[in-house]
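J.: sequence and predicted structure below; questions after.
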Protein chains: 2
Amino acid sequence: MVSINKRLTFQVATNPADERTLTLSSTTNKGHFISLRPFVRPTESEKDFPYEWAFAGTSSHAKSSATDGDSITIDFNFQFDTNVYLNKENTHRGEVHTLWTTWESGCVEERGKVFPFGAENEGVDFFELWQPIDATRDEFVILGNESEQDPNARSIALTLNNGEFEGLIVVVGKWAQGILFKKNDHTTKGVNILRAVEKQKGQWQTLLKYGADFDKFPVKFEAEEGASVVAGNATWEVIESNV
Amino acid sequence: MVSINKRLTFQVATNPADERTLTLSSTTNKGHFISLRPFVRPTESEKDFPYEWAFAGTSSHAKSSATDGDSITIDFNFQFDTNVYLNKENTHRGEVHTLWTTWESGCVEERGKVFPFGAENEGVDFFELWQPIDATRDEFVILGNESEQDPNARSIALTLNNGEFEGLIVVVGKWAQGILFKKNDHTTKGVNILRAVEKQKGQWQTLLKYGADFDKFPVKFEAEEGASVVAGNATWEVIESNV
């Protein structure tokens, strides 16, 4: 079953909880995932790259396990990570271990620790709270105790990996999110980000449009698994599709 | 403009954030307010009265002021308070001072301090996070930076105060919430609670139904200001109505 979660709070170490972004994390039936975290009101210094963070990966980049209780663990090892790509200072490298617990309200708590100063130094605890939303709706409709995600919601993933570019697009229900890196660039000029929502059948509204090579994202996403989709001279491969 | 907020987190003192209820707080155009906080999965000991809390009041029971920053203060002095009515131990009495700040994400942070051990003893800090939702929808549709509350949404309040009962009903958009106390009872038998949502025009679905005198809540709420509405031999007065 797909999921799409809107982040409600972000809390690091002993700082107060806050939320400056409109973050959506989406995951396909097969576990391909992406999280895009644009600032709602970026400051002057944030305007060049108005994202707190963006990451993504195919299913092999996140290992999930049940725990004794009502929680699951997910160990991420991101395939795409804007902080790492941009060589930002004080950035965690390698696996991130997270613990996910669903509250009685239906929201999902994520707790974990990152090591921005290196694995040998002290880590920093973080807490994020997530609101599951209905993937089949073009508004943010809260999933709750009486409303479930549609198990047949659209679930598509496309990848691209050629000499020059590497990318991943995740489509769940009416929501498409994609990331595309220009290899060997490692500046914001090499980052491309897409978020789009299907307002009417086949009519996608672009919500996030970032990057010099944005035209390499397709404008339609439905295709058979194994098919190729060409956009802006780039060829994407459909690695998952329940259409 | 009306508001209806779904609570996302509740955090007291240094305890971790959590949310065990499906709390909705609604406020009319004129500032009449109610907050109903039913447990999603009450424990055995909670089943007799499966509410964390419920409170309400007409506009004169909440004083709001702007601050220097982006926040407002609200000083509550509840007209209806289940904890006080039930004479629960360690219950705050008198005004509660709260500070409300809207985050960039659109969620609203509430911070305050209560004095459950008496005004002369140390207080307890609390933090609640609220998600504004669209009053005109019968699902929980998130209001965000691009979607605003409908300024013309239905806004109705009814009060009842006779020798035996005292009550308040707040209707905003498609959401009705009411509380009714039997005077001089002060047990759970004297508490009545209503939540209903209008699924189709004039067709209300009851979501919360609590109390021996629940039949004294009306099943329809639209009437002119100043009119009377009779239900179960109880007569409610419409003190606000934009119908």
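T.: It's in. Numbers count the residues shown, from 1 in each chain, chains lettered A, B, ... in the order given.
J.: which element is the residue most central in space within chain A on?
T.: In chain A, the residue lying closest to the centroid (C-alpha atoms, centre = their mean) is A:Ser35, at 1.7 Å. Using DSSP states H and E, A:Ser35 falls within strand A:33-38.
J.: packing partners of that strand?
T.: Under the contact criterion of 3 or more C-beta pairs under 8 Å, 6 or more residues apart in numbering or on different chains; DSSP states H and E, strand A:33-38 touches strand A:24-27, strand A:51-57, strand A:165-172, strand A:175-182, strand A:191-200. Where C-beta positions appear, they are placed from N, C-alpha and C, glycine not excepted.
J.: who's in contact with it?
T.: Strand A:33-38 is contacted by residues A:7, A:21-27, A:50-57, A:59, A:61-62, A:80, A:168-170, A:177-179, A:193, A:195, A:208 when judged by C-beta atoms under 8 Å, 6 or more residues apart in numbering or on different chains.
J.: now with 6 Å?
T.: With contact meaning C-beta atoms under 6 Å, 6 or more residues apart in numbering or on different chains, strand A:33-38 is reached by A:21-23, A:25-27, A:50-56, A:62, A:170, A:177, A:195, A:208.
J.: ok, stretch A:139-159 next?
T.: Residues contacting stretch A:139-159 (C-beta under 6 Å, 6+ apart): A:1-2, A:6, A:28-29, A:32, A:106, A:132-136, A:168-173, A:221, A:236-242, B:40, B:139-142.
J.: now stretch A:50-67: buried residues?
T.: Neighbour counts using 16 or more other C-beta atoms under 10 Å in any protein chain shown place A:Pro50, A:Tyr51, A:Glu52, A:Trp53, A:Ala54, A:Phe55, A:Ala56, A:Gly57, A:Thr58, A:Ser59, A:His61, A:Ala62 of stretch A:50-67 among the buried residues.
J.: and which of those is nearest chain B?
T.: Taking C-beta to the nearest C-beta as the measure, A:Glu52 is the one of the buried residues of stretch A:50-67 closest to chain B, at 11.2 Å.
J.: measure that closest one to A:Ser45 for me?
T.: 13 Å (C-beta to C-beta, to the nearest Å).
J.: and the helices in chain A?
T.: With DSSP state H as the definition, chain A shows helices at residue ranges A:82-85.
J.: enumerate the residues of it near chain B.
T.: Counting by C-beta under 6 Å from any C-beta of the partner chain, the residues of chain A close to chain B are A:8, A:19-20, A:40-41, A:103-105, A:139-142, A:145.
J.: now do 8 Å
T.: With C-beta under 8 Å from any C-beta of the partner chain as the criterion, chain A comes near chain B at residues A:6-9, A:17-22, A:39-41, A:103-107, A:109, A:127, A:129, A:131, A:133, A:139-142, A:144-145, A:147.
J.: re earlier: tell me the angle of the strand holding A:Ser35 relative to strand A:165-172?
T.: Orientation of strand A:33-38 against strand A:165-172 (axes from the mean of the first three to the mean of the last three C-alpha atoms, to 10 degrees) gives an angle of 100 degrees.
J.: strand A:33-38 pairs with which strands, parallel or anti?
T.: strand A:24-27 (antiparallel), strand A:51-57 (antiparallel) (DSSP bridges).
J.: and the ones you listed as JSON lines, adding mean pLDDT and distance to B:Ser155?
T.: Output for these, formatted as JSON lines (pLDDT from 0 to 100; distance: least, C-beta to C-beta, whole Å):
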{"stretch": "strand A:24-27", "mean pLDDT": "98", "distance to B:Ser155": "32"}
{"stretch": "strand A:51-57", "mean pLDDT": "98", "distance to B:Ser155": "37"}
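J.: in a markdown table: the ones you listed, plus distance to B:Asp75.
T.: Below are the strands paired with strand A:33-38 laid out as a markdown table (distance: least, C-beta to C-beta, whole Å):
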| stretch | distance to B:Asp75 |
| --- | --- |
| strand A:24-27 | 37 |
| strand A:51-57 | 35 |
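J.: out of those strands, which is closest to B:Thr67?
T.: Closest approach to B:Thr67 among the strands paired with strand A:33-38 is made by strand A:51-57 (27.0 Å; C-beta to C-beta).
J.: put the alpha carbons of that closest one into CSV.
T.: Only the C-alpha atoms of strand A:51-57 are listed here, as CSV (Å, rounded to 0.1, in the frame of the first residue of the first chain):
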residue,chain,number,x,y,z
TYR,A,51,14.7,23.6,0.6
GLU,A,52,15.5,22.4,4.1
TRP,A,53,16.3,19.1,2.6
ALA,A,54,15.3,16.5,0.0
PHE,A,55,16.1,12.8,-0.1
ALA,A,56,15.0,9.7,-2.0
GLY,A,57,15.9,6.2,-2.7
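J.: which residues sit against that strand?
T.: A:20-21, A:23, A:32-39, A:76-83, A:168, A:170, A:177, A:179, A:191, A:193, A:210.
J.: how big is the angle separating that strand from strand A:191-200?
T.: Going by the same axes, to 10 degrees, strand A:51-57 makes 80 degrees with strand A:191-200.
J.: pop the domain breakdown of chain A in here.
T.: Using automatic domain parsing, the domain parsing of chain A gives A:3-132, A:155-241.
J.: closest one to B:Val96 among the ones you listed?
T.: domain A:3-132 (20.2 Å).
J.: if we can go back for a sec, adding distance to B:Phe117, write the domains of chain A out as JSON lines.
T.: As requested, the domains of chain A are exported to JSON lines (distance: least, C-beta to C-beta, whole Å):
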{"stretch": "domain A:3-132", "distance to B:Phe117": "25"}
{"stretch": "domain A:155-241", "distance to B:Phe117": "48"}
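J.: relative to B:Asn90, which of those domains is closest?
T.: domain A:3-132 (23.1 Å).
J.: ends of the closest one, what's the gap?
T.: End-to-end distance of domain A:3-132 (C-alpha to C-alpha, to the nearest Å): 7 Å.
J.: check stretch A:80-99 too.
T.: Terminal-residue distance, stretch A:80-99 (C-alpha to C-alpha): 21 Å.
J.: quick one: residues contacting A:Asp18.
T.: A:Thr9, A:Phe10, A:Gln11, B:Trp103.
J.: and the two most separated of these?
T.: Pairwise distances across these (C-beta to C-beta) peak at 12.3 Å, for the pair A:Gln11 and B:Trp103.
J.: tell me the pLDDT of A:Ile239.
T.: On the pLDDT scale, A:Ile239 is placed at 98.
J.: equivalent analysis for A:Glu89, please.
T.: 88.
J.: quick check: phi and psi at it.
T.: phi -70, psi 160 (degrees, to the nearest 10).
J.: from chain B, how far off is it?
T.: 24 Å (C-beta to the nearest C-beta, to the nearest Å).
J.: again, but for A:Phe76
T.: A:Phe76 is 22 Å from chain B, by C-beta to the nearest C-beta.
J.: so what's that residue up against?
T.: So A:Phe76 contacts A:Phe55, A:Gly57, A:His61, A:Ala62, A:Glu95, A:Val96, A:Thr98 (C-beta under 8 Å, 6+ apart).
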